[in-house]
Every structure is written in C-alpha cells, then in structure tokens.
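A.B. asks: Sharing a model that was predicted from the sequence below.
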There are 2 protein chains.
Amino acid sequence: MVGRRTVERQTGVALWRQIADRIRLAIGNGDYDETGMVPPETVLAAEFGVNRHTVRSALAALAEEGLVRAVQGRGTLIERKDRVTYPISRRTRFSQGLGGQVQEIGSKLLGQREVQASGEVAAALGLPLNAPVVELRTVSSGDGRPLSATIAYFPAERFPEMAQQYGRLGSVTKAFAAQGLEDYVRVSTEIVARHADAEELELLKLSPGAIVLEALAVNADLDGRPVEFSLTRFAADRMKLRIDT
Amino acid sequence: MVGRRTVERQTGVALWRQIADRIRLAIGNGDYDETGMVPPETVLAAEFGVNRHTVRSALAALAEEGLVRAVQGRGTLIERKDRVTYPISRRTRFSQGLGGQVQEIGSKLLGQREVQASGEVAAALGLPLNAPVVELRTVSSGDGRPLSATIAYFPAERFPEMAQQYGRLGSVTKAFAAQGLEDYVRVSTEIVARHADAEELELLKLSPGAIVLEALAVNADLDGRPVEFSLTRFAADRMKLRIDT
DNA sequence: CCTAAATGTCTATTGATCTAGACAATCATA
DNA sequence: TATGATTGTCTAGATCAATAGACATTTAGG
C-alpha cells in the first residue's frame, strides 16, 4: 500500500483524527494481521511524530467505533477488519452484491412520502418539473452496522404502490416486480466524496468528521425509461465500491 | 441537493474547515449561480450557527484555493465552478473523457523505474510475485490545476519500452500502440475515499485536510490478459466519477 | 515473584480555534 | 452625496487540541 507516516498540522483537521484515519486504513489493509494488534502507543507516537496522548485520542476514537479494544498491560487489540466491497454494474442490486461478505443484511425504511420532483430529480427521471414522485428513505446494514443511507425517487404515476410494496417486501427489486416491472438496469452512477453531515453521522453511526461516498444512480427499464433515481451515501471507512466493466 | 446546514463540534475537524467544504460543494452544485456570489458572511454565519469570524476563516481558505474572491463592499465572488466529471467505462481513456470540460489537459511524468511486483501488483497483473514491472508516476491537470495523481504498473517483459514511450508520447494509449497493443479495456475499478496524505496534498495542490478518491483500476487486452494496474488519486473536491453501464 | 512492557490517569502549559463586540473601509445605488 | 450593505481589522476571552512529564495499574514471561 501507499501509506505514508506523516500528519499535517494547522489544517483544520485535528492530529488525533488524521491518525485515527490512518490507523483505520492500516487495519483495513491488513497491515497488523500478524499480531492482531495495533503497535504500542509509544511506537505510533514516534512514527507519527506526535505525543503519546495524541495517539491515545486517536485510539480512543477507534475504540468508540468498536474497531479496536485496549487492554491494559497487553496492548490494543483489533476487533474488526473493515471495508465491505459494494459492486456497481449494469445489474446492480444492493442485497445480492454483498452476498458472502456480511452475514446479515438489514434494510430499514425510515420514511416514505409523495413529493414534487425537484429540478435534479425531474431531470434524472425524465419527468416534468414538479411531477409527483415517491420518495423512500432507507438505511442498510451489514452484520448490524449501518453501511449506507439512501434516498430514492420513483415516478408516482407509474409506480403508485412503491412505498407500500417496499414496506411489505423490503426490496426495491421485489417492489418493482409486484408492480409489473420484471427487470431494470443501472444506467449511470456518479460518485463524489465529502465529509459527512450531521444527519449522516447519526444515520450511519459514523465517528464525527468521517467521509461519505455519495453515489447518484439512475436505473431504467429495458426500454430505457428511468424508473428510479437514488442518492446513496456509503460510510467510506466501511465500504469500497467496485465497478466491473 | 440534499445539503443540510449543520456543522458538528468537537469532531476533530475544525468548524471553518467543515464550512469551507460545504460552501465548496454548494458552489460546485451551482447553488449560487443566480448571483455568482457566495451569500454574505453574516447570512452564512446565521445559517451555520457560528460566529462571522469562523465563516471568514472558511472563505479565506476557499480564496486561498482560488475558488472565490472577496471584494470589500460588494461581497464574495465565485471565481471558478468546480468538479470535473471523470467517466469510467469499459473504454476509459483519461484524456478523452475530459473533452470539453477543461481547455487544457496536461500530463506530467514525475518518475519512472523498474521494480519487482508486490503482492498487490502481482495479483492485479496476473504475474508471479517479484516479477519485473515498470512503474510510472504521473500527475494530470486540467486548465493548469492538478486533478489526479497516478501510479501505474505495467508488465516489464511485455512492455519493456513503456517508460520511454510514455515519456515521448505522453499518453498510455499511445505508448501501448507503439508497442503493438492496439486496444485495451477497463476490467475493474475499485474506489475508496479517504483523507489526503502529505504527498497527495503537495502533488494535487490540495488545501490541507482535503479528501481524495482513490481508484484502483485494472486494464486488460482483448484476450483478457492484464496490461496495466493503476492507482489514481483524484482531488475529491474537483472531480466526480461517472460510471456509465 | 520479580521485571519489562504496555495501557490508564493525573496535572500543567502552550498554541489553535471559536466567540463576542466594536469600528473602519469600500462599493452600489437611490 | 448620503445611506445601507458588505468586507476588513482589531482586541479580549473561552474552549479545544497538543505537548510534557510523572506515576499507577495490568499483563506476560522469565
């Protein structure tokens, strides 16, 4: 990996947070797999060129996330190794893609309502401005930890029962099927990365200051008519996206 | 857009930096296109629930980046609207994809050498461990601003002149062609997001604390044999990735 | 059972960040 | 040419982040 042991000062990002991010990445890369432990605090402090207390703040943040557990006299043990891979392809289906990587996949419906399409939503779905659309907000989890938060929009005229069917079936694919749409494909996905905002911190149970990968996706039926526009925010420290082409 | 006007305290990320990130995002989204200006400092301070001085720190950081310019008595003018879209598809070619979005595309070769393939590189290229590979390090720019930094690996036995040809032609596609490979396709791309490290801050001329999108890509010839493994780090505040499927 | 290695806790100090308020300087416009 | 809106500058104080050092506590191992 291409990890460098340096931190930057006076950047608006606290040193303990930078160090926590580095250690989380190193754990995810398997750098500490031999021992199953993070190096001692004094060693990390020397590596990063900071005081031991600063390293302790970083480790405390990782312990708060449940990623490590410090044991007095022994060291800091790694509890979890992270980063689930989320595949994006023409046939992207959330639950299928994660198969095998996590034991339990959960999807929780946070809210549903009918709204008027904003400019962005209307353009994506090929609808006139202010056309009625169904909005679903969901959070998906793997092994009990939230992985992504999604806001999805569907044309209300074509899929009037979307909210109801999703609530019953717990799957977009099944909800489409129940309304006569047997198949659909991913048309485009746009990805940006940014800091998580307050709502995302709560929904995804992120440690504050974390990064989210935001994916804006359009799905269409086999005739090319858009059927879904979704905005998914992935916890960047728990997920990577994989595009197979 | 789904932008919320909240900032988090005691997160290890300074408020001025969070606010700078938000405003940068809003500018990129075209939220201020009507006026071509950022809202007044007092308004922003009220929106974010912070002191005006804190907003000023954020705007100073954006001015440092050349994104805005404050004019006493008038307001803070937007100098650049950001986020170039980088398309990822089976036929991903760096320079072609950006066509029209930026005037000048520049690619600078930082270094070249022959190294032994690490486990990661060997696995991606389908080579034995420690097989000889050519490593190229480059930085690409649009309109004079760096957009991405790449480390690319090529099988040295098959493409012995890779470094030389790239230096001469300035393009991976052309360098391949000069060595008898007429066509190649993108096989897979993995994307993660994280904070930029010190080297990336310098290479990409990022404001400290910024986020990078890291894309690990494998290209193969038409027989499916891998010809290139690359690790590209995009300046997340200047780019978005688009996957057309 | 001692010792080394590691984490846990405490105090004190310095510098960065954020708030608060006041006022100056500049620009657009009525 | 006033006036209001806006950015620029300064001071002071409060809170957070980071350093420094000392010592306690726990664990593993000789």
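C.D. replies: Done, it's in. Numbers count the residues shown, from 1 in each chain, chains lettered A, B, ... in the order given.

A.B. asks: for the helix or strand residue A:53 falls within, packing partners?
C.D. replies: Applying DSSP states H and E as the criterion places residue A:53 in helix A:52-64. Secondary-structure packing of helix A:52-64 (3 or more Cβ pairs under 8 Å, 6 or more residues apart in numbering or on different chains; DSSP states H and E): helix A:15-28, helix A:41-48, strand A:68-71. No exception for glycine: its C-beta is placed from N, CA and C like everyone else's.

A.B. asks: Is DNA strand D within reach of it?
C.D. replies: Yes: using Cβ under 7 Å from any atom of the strand, helix A:52-64 comes into contact with DNA strand D via A:53, A:54, A:57.

A.B. asks: still on that earlier bit, hey, least reliable of the helices and strands packed on helix A:52-64 by pLDDT?
C.D. replies: Comparing mean pLDDT across the helices and strands packed on helix A:52-64, the weakest is helix A:15-28, with a mean of 83.

A.B. asks: re earlier: make JSON lines from the helices and strands packed on helix A:52-64 and add distance to DNA strand D and mean neighbour count to it.
C.D. replies: Below are the helices and strands packed on helix A:52-64 laid out as JSON lines (distance: least, Cβ to the nearest atom of the strand, whole Å; neighbours: other Cβ atoms under 10 Å in any protein chain shown):
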{"stretch": "helix A:15-28", "distance to DNA strand D": "3", "mean neighbour count": "22"}
{"stretch": "helix A:41-48", "distance to DNA strand D": "8", "mean neighbour count": "16"}
{"stretch": "strand A:68-71", "distance to DNA strand D": "6", "mean neighbour count": "16"}
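
A.B. asks: Just put the ones you listed in a markdown table and tack on distance to residue B:178.
C.D. replies: Below are the helices and strands packed on helix A:52-64 laid out as a markdown table (distance: least, Cβ to Cβ, whole Å):
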| stretch | distance to residue B:178 |
| --- | --- |
| helix A:15-28 | 37 |
| helix A:41-48 | 43 |
| strand A:68-71 | 50 |
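
A.B. asks: The residue of chain A found nearest DNA strand D: neighbour count?
C.D. replies: Going by Cβ to the nearest atom of the strand, DNA strand D is nearest to residue A:73 of chain A, at 2.2 Å. With neighbours defined by other Cβ atoms under 10 Å in any protein chain shown, the count for residue A:73 comes to 4.

A.B. asks: Is residue A:18 in contact with residue B:194, as I believe?
C.D. replies: No: using Cβ atoms under 8 Å, residue A:18 is not in contact with residue B:194; the gap is 10.5 Å.

A.B. asks: Mind listing the shared neighbours of those two?
C.D. replies: Here residue A:18 and residue B:194 have no joint contacts, going by Cβ atoms under 8 Å, 6 or more residues apart in numbering or on different chains.

A.B. asks: circling back to that earlier point, among the residues of helix A:52-64 next to DNA strand D, who's most crowded?
C.D. replies: Neighbours here mean other Cβ under 10 Å. Within the residues of helix A:52-64 next to DNA strand D, the largest count is held by residue A:54, at 20 neighbours.

A.B. asks: mind checking how far that one is from residue B:57?
C.D. replies: To residue B:57, residue A:54 is 23 Å away according to Cβ to Cβ, to the nearest Å.

A.B. asks: lowest average confidence, helix or strand, in chain A?
C.D. replies: Among the helices and strands of chain A, helix A:94-97 carries the lowest confidence by mean pLDDT, DSSP states H and E, at a mean of 60.

A.B. asks: so what strands line up beside the helix or strand following it?
C.D. replies: Reading on from helix A:94-97 to the C-terminus, the next helix or strand found by DSSP H and E is strand A:105-116. If you go by DSSP bridges, strand A:105-116 pairs up with strand A:132-142 (antiparallel).

A.B. asks: Nice, that's everything, thank you.
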